[in-house]
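Engineer: predicted coordinates and the sequence they were generated for:
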Amino acid sequence: MAEPAAPREAQRAELTGARLSSDPQRRAGGMSRVPTSPRVRMTGQARREQLLDVGRALFAEKGYQGASIEEVAHRAGVSKPVVYEHFGGKEGLYAVVVEREMRELLEHITSALSTAGHPRELLEQAALALLDYIQDSSDGFRILVRDSPVASEGGTFSSLLSDIARRVEHILGREFAARGYDTALAGLFSQSLVGMVALTGQWWLQVRSPGKDEVAAHLVNLAWNGLSHLEHDPLLRHRAAIRRGTP
């Protein structure tokens with residue numbers, strides 16, 4: 001004889017209830033509930049750094065005019081008032097981003113020029129320092145080389161290059177004096193050298209070829225030897241020393 005329908009339904013309900021009671025995620029009305037971790041609140045400094053990183057990427061991607069506080073807030077997952085609270089608006093955020101990038105690049109160049117060594121090696125290190133920065137901080141360099149619509153405490157990219165040129169001028173001045181050249185020309189030559197490296201860096205940012213070391217070697221070759229004494233296959237001195245196995 002066939003089993004009555006009512007007992008079968010009762011058994012099915014009993015089994016279903018047992019499964020639900022054994023599954024903690026399905027006890028409430030049979031609905032699946034995935035536990036969520038509580039949202040971690042950022043400190044004020046951490047939030048500020050996050051907004052700077054978001055703003056940096058956005059300004060590099062769209063430029064100052066194309067970026068907006070709305071998009072900064074959206075990408076950071078906060079409301080617009082949070083951005084205003086930290087920076088006062090888009091101009092304030094942009095100025096801090098520019099200031100931070102200029103400080104980082106200046107530290108790179110200053111460190112390269114502060115070491116002891118032959119003037120040609122210092123020129124090599126300075127060129128490599130700029131190319132390293134372009135390679136590792138492409139977004140930052142894109143922001144710096146654009147015309148800044150707002151003034152930062154450190155000025156503009158051109159003022160940064162002038163600062164670097166003044167440091168190079170001191171090095172050239174010593175070398176000119178030691179070799180009997182007119183030290184008054186050190187400023188002219190330093191501006192020429194820094195401008196040449198900076199403009200080449202902007203070009204290399206787009207093409208990325210040839211490689212960084214090769215670009216630096218040719219820059220120094222031109223600056224050191226001049227067009228009339230160009231080496232056919234220039235190498236950076238410290239790279240050549242490594243190949244020869246000498247310190």
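Structural biologist: Yep, that arrived. Residues are numbered from 1 along each chain as shown.
Engineer: for residue 232, give me phi and psi.
Structural biologist: phi -70, psi -30 (degrees, to the nearest 10).
Engineer: quick one: neighbours of the residue lying closest to residue 135 once chain neighbours are set aside, just the number.
Structural biologist: Sequence neighbours aside, residue 212 is the residue nearest to residue 135 in space, at 6.1 Å (criterion: CB to CB, 6 or more residues apart in numbering). (Each C-beta comes from the backbone N, C-alpha and C, glycine too.) For residue 212, the neighbour count with other CB atoms under 10 Å is 16.
Engineer: how close does residue 212 sit to residue 132?
Structural biologist: Distance of residue 212 to residue 132, given as CB to CB, to the nearest Å: 7 Å.
Engineer: pLDDT on stretch 97-113, on average?
Structural biologist: Mean per-residue pLDDT for stretch 97-113: 90.
Engineer: distance from it to the middle of the chain?
Structural biologist: With CA atoms, centre = their mean, to the nearest Å as the basis, stretch 97-113 stands 11 Å off its chain's centre.
Engineer: in that stretch, what's buried?
Structural biologist: Counting neighbours by 16 or more other CB atoms under 10 Å, one finds that the buried residues in stretch 97-113 are 97, 98, 100, 101, 102, 105, 106, 108, 109, 112, 113.
Engineer: export these to a markdown table and tack on distance to residue 69 and secondary structure?
Structural biologist: Listed next are the buried residues of stretch 97-113 as a markdown table, based on distance: CB to CB, whole Å; DSSP: H, G, I helix; E, B strand; the rest coil:
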| residue | distance to residue 69 | secondary structure |
| --- | --- | --- |
| 97 | 13 | helix |
| 98 | 17 | helix |
| 100 | 18 | helix |
| 101 | 20 | helix |
| 102 | 22 | helix |
| 105 | 26 | helix |
| 106 | 28 | helix |
| 108 | 30 | helix |
| 109 | 32 | helix |
| 112 | 37 | helix |
| 113 | 38 | helix |
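Engineer: could you dump stretch 169-177 to PDB, C-alpha only?
Structural biologist: The C-alpha coordinates for stretch 169-177 follow below in PDB (Å, rounded to 0.1, in the frame of the first residue of the first chain):
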ATOM      1  CA  GLU A 169      76.000  75.800 -10.400                       C
ATOM      2  CA  HIS A 170      78.000  75.400  -7.100                       C
ATOM      3  CA  ILE A 171      79.600  72.200  -8.400                       C
ATOM      4  CA  LEU A 172      80.400  73.700 -11.800                       C
ATOM      5  CA  GLY A 173      81.700  76.800 -10.200                       C
ATOM      6  CA  ARG A 174      84.300  74.800  -8.300                       C
ATOM      7  CA  GLU A 175      85.300  72.900 -11.400                       C
ATOM      8  CA  PHE A 176      85.500  76.000 -13.500                       C
ATOM      9  CA  ALA A 177      87.800  77.700 -10.900                       C
END
